[in-house]
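J.: the following comprises the amino acid sequence and a computationally predicted model.
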Amino acid sequence: MRFLSGRGVKLMHTFLDDESPLIVPAVSVTVRDASGATVYTGDATSSGDAWSVALPAQPEGVYTVDWVAAGLAVDRDGFEVVAGFLFTLPEARQSDMDLADTSRFPTAELRHYREVVEDEFERITARSFVPRTARVEVEADGTPVLYLGYFDVTELKAVSSPSGSEDVTGWAADSTGFLRAPYELPEGARYTVTFGYGFGQVPEDVKRAGLLRLRSFLTAERSGIPDRATAFVAAEGGNFTLATAGRNGWETGLPEVDAVLKRYKYGIFYDVFGVSR
């Protein structure tokens with residue numbers, strides 16, 4: 001689940017035993033940031049089987065949430081705060097007349113599949129098209145350089161070494177994910193680095209591709225073509241070969257979407273340096 005920076009965060013949770021909701025008398029909530037520091041603790045409010053809690057706006061990053069039902073269960077989930085989305089939900093509804101139907105496609109479903117599309121695009125290209133914050137642990141090799149494994153790095157936020165927090169004055173990260181310290185780092189020492197990465201603004205062709213991919217997820221049943229089909233014969237005549245995800249270089253199986261994503265992949269980077277995320 002993702003929330004936009006600068007906005008409040010409303011979390012909801014239901015305790016389940018498989019498909020059956022558990023009836024619990026009271027629930028407390030603890031929220032921690034990526035470093036493990038507690039940023040919120042308090043009691044949740046119930047509404048039927050669902051429990052909720054409202055948090056003030058949080059900085060960009062990834063958070064874990066512990067929902068504690070006294071004497072019964074502890075459930076853990078999480079959320080992320082980002083500086084933007086691939087597209088807005090109004091843009092999604094305007095992109096297809098069917099998606100304008102809020103009863104058939106409720107807000108929660110659109111939000112979920114928007115995240116699915118964002119994650120898929122980042123997995124395929126190894127780049128984020130929205131501003132995000134990551135926190136990774138990297139092992140030094142005796143040089144001043146650490147490789148973060150992310151492209152489009154925009155900001156170095158913090159570095160922690162085995163001896164504690166580092167003064168990052170003089171440290172510099174480039175857009176290809178290489179972080180250079182002003183001195184050699186001991187071989188084998190592990191450094192935890194927090195940094196911002198991603199595009200400052202979503203390219204228009206990527207946004208259009210994202211909307212196409214969203215519609216393909218939500219309206220797949222309209223095609224009438226079985227999921228496993230690689231070809232079909234039209235009723236009007238003619239044989240057609242389908243672009244199938246995972247075959248012949250296709251990633252999503254949507255030619256227009258795959259063509260856009262291919263333009264943003266750093267293929268030569270992997271060929272030359274032999275590294276990947």
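T.: Structure's in. What do you need? The structure displayed is predicted, hence computed values, not measured ones.

J.: count the neighbours of Gly84 for me.
T.: 18 (other CB atoms under 10 Å). Using the backbone N, CA and C atoms, a C-beta is placed for each residue, glycine as well.

J.: and what of Phe87?
T.: Neighbours of Phe87 (other CB under 10 Å): 23.

J.: hang on, it packs against Arg213?
T.: No - counting by CB atoms under 8 Å, Phe87 stays clear of Arg213, with 10.3 Å between them.

J.: on the three-state scheme, Gly71 is what?
T.: coil (DSSP: H, G, I helix; E, B strand; the rest coil).

J.: kindly state the pLDDT recorded for it?
T.: pLDDT for Gly71: 71.

J.: who's in contact with the residue nearest the centre of the chain?
T.: Taking CA atoms, centre = their mean, the centroid of the chain lies closest to Asp119, which sits 4.7 Å from it. With contacts taken as CB atoms under 8 Å, 6 or more residues apart in numbering, Asp119 has no neighbouring residues.

J.: quick check, it in a helix?
T.: Yes - counting by three-state DSSP, one finds Asp119 located in a helix.

J.: distance of it from Pro144?
T.: 33 Å (CB to CB, to the nearest Å).

J.: what's the answer for Arg190, then?
T.: 16 Å.

J.: what does Asp205 give?
T.: Asp205 is 38 Å from Pro144, by CB to CB.

J.: likewise for Val136?
T.: Counting by CB to CB, the gap from Val136 to Pro144 is 18 Å.

J.: of the two, who's got more company?
T.: Val136 (17 against 14).

J.: so what's the more buried one up against?
T.: Val136 neighbours (CB under 8 Å, 6+ apart): Leu148, Gly149, Tyr150, Thr192, Val193.

J.: that one sits in which helix or strand?
T.: strand 132-139 (DSSP states H and E).

J.: centre of the chain to the helix or strand just after that strand, how far?
T.: Per DSSP H and E, strand 132-139 leads on to strand 145-147 as the next helix or strand towards the C-terminus. Relative to the centre of its chain, strand 145-147 is centred 24 Å away, using CA atoms, centre = their mean, to the nearest Å.

J.: got it, and stretch 115-129?
T.: With CA atoms, centre = their mean, you get 7 Å for stretch 115-129.

J.: what do you get for stretch 166-186?
T.: With CA atoms, centre = their mean, you get 25 Å for stretch 166-186.

J.: what's the average pLDDT for that stretch?
T.: Rounded mean pLDDT across stretch 166-186 is 94.
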